[in-house]
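Novice: this one's structure only:
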């Protein structure tokens with residue numbers, strides 16, 4: 001039974017927590033500062049009722065600081081290496097500086113709301129990144145509740161989460177992906193980067209592969225050798241033998257040309273490594289015939305392991321792709337100019353070791369590379385009801401939730417329709433373009449690519 005003790009002008013209430021310490025003695029908890037004995041007594045009785053209902057959180061448990069709890073909490077998370085790195089960074093930079101010395105039981109919903117407002121006002125925290133930080137903090141608080149260190153989370157859930165002024169989430173302004181713009185990007189990439197760049201742009205636009213998946217696309221997983229060349233080197237894919245047997249019946253140069261998305265390149269502890277694609281979205285992507293021919297042409301031009309190489313022939317994932325590749329290709333740049341130097345006392349005008357002609361700006365100036373992936377989804381969606389939702393989402397590396405995703409399956413006919421639709425789009429572009437008047441005429445292409453263009457023109461005229 002709770003009892004009251006007076007200390008000077010205030011009293012405290014003491015109650016038995018019904019737990020014992022290491023010496024088998026009862027553990028008591030208390031709260032002081034009362035000036036009314038009845039109020040103190042009722043407070044103690046309420047705590048005893050919580051103990052009987054198994055809903056009591058002792059002051060001792062609630063005194064654990066956020067920093068103490070987070071030190072071990074972060075090691076319990078079962079997430080990918082990039083997510084783990086991001087969570088540790090958000091804890092170190094934003095959560096612990098504000099809450100580290102605060103007892104987990106002392107965090108109130110009002111102080112959380114004030115911090116949320118301050119966090120989103122920081123100049124270096126964008127809308128999306130701020131939401132990520134708040135999500136991590138909410139996860140932390142939920143686990144503190146599960147560990148019975150406090151009764152409820154201070155982070156509001158459901159309708160309470162939406163209190164305050166409505167603020168529409170900003171969305172990136174997009175324009176539709178036109179095939180002539182993709183062609184201009186590919187021609188810029190050809191001039192700046194080479195054949196690898198030309199095929200890279202068309203591959204991303206016509207498959208929707210993520211950049212890291214393109215960086216890690218290896219020869220054994222690419223048309224024309226896949227699926228026969230599949231090394232089956234992913235131990236996490238438990239049904240790979242069965243999957244491979246089905247692939248041999250469904251894909252190939254004489255069936256449906258395709259590439260296999262099995263890996264992506266990411267860094268872990270500073271080292272570049274192969275990891276499963278985002279969300280474990282291993283998948284097969286059928287190719288329109290014009291792109292299949294391009295990949296054949298590219299792989300015949302080199303004997304490297306990876307399909308797309310950097311300008312120097314190394315790993316593309318080692319480059320700062322956005323800055324050194326995408327920005328010049330999308331934004332355009334002036335032609336390489338010679339520069340003067342003095343050597344052996346003589347002035348010399350020296351040309352660039354890798355001269356690049358003037359590259360015109362494209363409609364993607366200032367835009368993200370990832371919009372090519374978004375544009376691929378647009379192209380598939382434009383066919384209306386021709387392509388099933390399960391086929392489209394699977395191609396993009398997404399899972400369809402619920403019963404629809406459980407019962408659905410991507411059939412050969414679905415894949416062939418997507419492959420044919422992409423080929424028809426390209427042939428329509430070829431038929432409607434006056435090549436000699438185009439910004440990037442095929443007459444400017446290298447011999448191998450010029451022959452490829454001529455074959456596309458002949459095929460398009462025949463189809464027309």
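Specialist: Sure thing, it's come through. These numbers were taken from a predicted model, which means no experiment stands behind them.
Novice: tell me where the model's unsure across the stretch 301-450 of the chain.
Specialist: Residue ranges of the stretch 301-450 of the chain with pLDDT under 70: 338-339, 341, 348-353, 384-385, 433-447.
Novice: and the helices in it?
Specialist: With DSSP state H, counting those that start in this stretch, the ranges of helices along the stretch 301-450 of the chain come out as 321, 327-331, 371-381, 389-395, 402-407, 412-432, 447-463.
Novice: show me what the fourth one is packed up against.
Specialist: The one in question is helix 389-395. strand 283-286, helix 371-381, helix 402-407, helix 412-432 (3 or more CB pairs under 8 Å, 6 or more residues apart in numbering; DSSP states H and E). C-beta: built from backbone N, CA, C; applies to glycine.
Novice: any buried residues in the longest one, and which?
Specialist: Neighbour-count burial for helix 412-432 flags 414-415, 417-419, 421-423, 425-427, 429-430 (criterion: 16 or more other CB atoms under 10 Å).
Novice: same list, those, but as CSV with distance to residue 121 please.
Specialist: Listed next are the buried residues of helix 412-432 as CSV, based on distance: CB to CB, whole Å:
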residue, distance to residue 121
414, 48
415, 49
417, 49
418, 45
419, 49
421, 47
422, 45
423, 51
425, 46
426, 48
427, 53
429, 47
430, 52
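Novice: hang on, the earlier thing: can you tell me which of the helices and strands packed on helix 389-395 is nearest to residue 310?
Specialist: Nearest to residue 310 among these is helix 371-381 (18.7 Å), distances taken as CB to CB.
Novice: quick one: that closest one to chain centroid distance?
Specialist: Averaging C-alpha positions (CA atoms, centre = their mean, to the nearest Å) puts helix 371-381 16 Å from its chain's average.
Novice: got the angle between that helix and helix 412-432?
Specialist: Relative orientation of helix 371-381 versus helix 412-432 (axes from the mean of the first three to the mean of the last three CA atoms, to 10 degrees): 110 degrees.
Novice: in stretch 89-109, which residues are buried?
Specialist: 90, 91, 94, 95, 96, 99, 100, 103, 104, 105, 107.
Novice: residues touching residue 362, list them.
Specialist: Applying CB atoms under 8 Å, 6 or more residues apart in numbering to residue 362 gives the contacts 181, 184, 185, 188, 329, 330, 331, 332.
Novice: just among these, which is most surrounded?
Specialist: Among the contacts of residue 362, the one with the most neighbours (other CB atoms under 10 Å) is residue 188, at 28 neighbours.
Novice: any figure for the gap between it and residue 179?
Specialist: As judged by CB to CB, to the nearest Å, residue 188 and residue 179 stand 15 Å apart.
Novice: cool, and residue 334?
Specialist: Separation of residue 334 from residue 179 (CB to CB): 27 Å.
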